[in-house]
Structures are given as structure tokens and as C-alpha cells.
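1. Any chance you can model this:
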Amino acid sequence: LEQYCQLLWSANRQVNLTRHVDYKTFVARDVADVLQLSACIERDEDVLDIGSGGGVPGIVLSILRPDLRMSLCESVAKKARWLDRFVQQLELPVAVFNERADRVLDDLCFDCCIARAVGPLWKLCSWLAPHWPAAGRLLAIKGPTWTTEVSDANERGSLKIIDLTKIVEYPMHDTDATGRHSKSVILELKAKSAPEN
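-> Okay, here's the model as predicted:
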């Protein structure tokens with residue numbers, strides 16, 4: 001993890017990959033999120049990190065959970081190139097796709113997709129709408145405004161075919177302006193089962 005941090009922060013001088021550029025913030029925000037996420041993923045699953053950015057949660061998860069078959073998906077070419085360098089230098093068995101998630105899911109299937117700080121729920125649902133059989137389920141890390149995102153997705157009709165469950169709620173390790181701890185959640189989204197005849 002320390003080696004990854006050094007690679008990430010060095011690259012961050014050239015391209016914006018993260019705002020968390022010290023160990024305290026990295027552990028309190030990034031590692032804390034990934035530890036919660038890790039507990040939600042079964043052993044030996046095929047996992048796709050959607051919108052990997054600088055590699056959180058995907059690279060951190062692959063370091064903490066070497067049993068997982070991890071793939072990273074990043075549509076921005078310069079970020080995907082950095083991800084590929086990180087994976088090579090860390091000698092991780094991780095695939096990097098410089099593609100949009102829907103294009104990756106046209107060709108490959110996963111047990112689980114993960115997303116953090118990629119976009120609102122309605123947008124994630126629209127990307128995955130025709131691809132749920134290939135995506136398995138989506139685990140989305142969301143911050144304190146997650147209920148607003150769920151309401152917005154409902155209003156747009158994005159959740160009509162989706163079962164959504166809050167599976168984890170945990171305190172963020174920083175505080176808001178009032179000194180209260182904010183909470184993050186992990187939401188599980190999967191296509192509703194077809195009704196039995």
C-alpha cells in the first residue's frame with residue numbers, strides 16, 4: 001500500500017488522480033472505504049471497478065484481497081495509462097480496460113461491479129441497464145447524500161428493475177463543519193428476479 005501511495009502521489013503531480021495526498025487521509029478515507037467494501041465481496045469473485053480513476057477502490061482491493069480476480073475500467077485514456085503503470089510496477093494480476101463500463105460488459109461477465117465517486121445512482125443504473133446479467137451486482141460506495149441519490153434515481157425511473165439494499169453503514173473518519181461524524185454506506189444493486197410462473 002505504501003508503494004502504491006508513492007506511485008499515485010507522484011503521478012498526481014502530472015494528472016489529477018486523487019485529492020488524498022497524505023497517509024492520514026488515504027487511510028481514513030480510501031482504505032476505510034475499501035475495508036468495508038472488501039467484507040461485502042465473496043471469496044474468488046470476478047470484480048470490475050467502474051471508473052477506477054487513480055485506482056481506489058480497485059487497486060487497493062486487489063492488494064488487500066489477492067483472491068479476487070480484479071479488473072479496472074477507466075474511460076479517460078491518460079488515467080488508464082497510469083493505472084496500467086501502477087499495476088505493472090506493483091506486479092498485480094489486474095486487467096486494465098481503457099473503455100466505458102458498458103463496452104467492457106458487452107464482452108465480459110463479472111460476479112460483481114464496484115463504484116466509488118463515479119456518478120449518481122441514476123447514471124450508474126443507466127450504464128448498467130442492458131448489462132445486468134454480465135455485471136452480476138453493483139456495490140456502490142456512497143456518502144451522506146445517498147438518500148437524495150436514491151430519490152432522484154426513483155424519480156427518473158432508474159430503479160424500476162433494480163433491487164436496492166443498503167448493506168453497510170459506517171462513520172466517515174472525518175467530521176463535517178458541525179463536528180459531527182458523517183456516514184458512508186455501501187448500496188447493493190441487482191436486477192430484480194423474473195417472477196416465477
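
2. Every contact and neighbour count from this point should use C-alpha atoms.
-> Fine.

3. And the next helix or strand past the lowest-mean-pLDDT helix or strand in the chain?
-> Least confident helix or strand, the chain: helix 23-25 with a mean of 82, by mean pLDDT, DSSP states H and E. Sequence order places helix 32-38 as the next helix or strand after helix 23-25, per DSSP states H and E.

4. mind exporting stretch 68-83 as CSV, just the C-alpha atoms?
-> Extracted C-alpha coordinates of stretch 68-83, given in CSV (Å, rounded to 0.1, in the frame of the first residue of the first chain):
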residue,chain,number,x,y,z
LEU,A,68,-10.2,-11.7,-6.2
ARG,A,69,-9.9,-11.6,-10.0
MET,A,70,-9.8,-7.8,-10.3
SER,A,71,-10.3,-5.7,-13.5
LEU,A,72,-10.2,-1.9,-13.7
CYS,A,73,-12.3,0.1,-16.1
GLU,A,74,-11.3,3.7,-16.9
SER,A,75,-12.6,5.6,-20.0
VAL,A,76,-10.1,8.5,-19.7
ALA,A,77,-7.0,7.4,-21.6
LYS,A,78,-4.4,9.2,-19.5
LYS,A,79,-5.8,7.8,-16.3
ALA,A,80,-6.0,4.3,-17.8
ARG,A,81,-2.3,4.6,-18.8
TRP,A,82,-1.3,5.5,-15.2
LEU,A,83,-3.4,2.6,-13.8
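
5. What average pLDDT does that stretch get?
-> What stretch 68-83 shows for mean pLDDT is 96.

6. so how far is that stretch from its chain's centroid?
-> Counting by Cα atoms, centre = their mean, to the nearest Å, stretch 68-83 is centred 12 Å from the centre of its parent chain.

7. again, but for stretch 37-56
-> Worked out by Cα atoms, centre = their mean, stretch 37-56 lies 6 Å from the chain centre.
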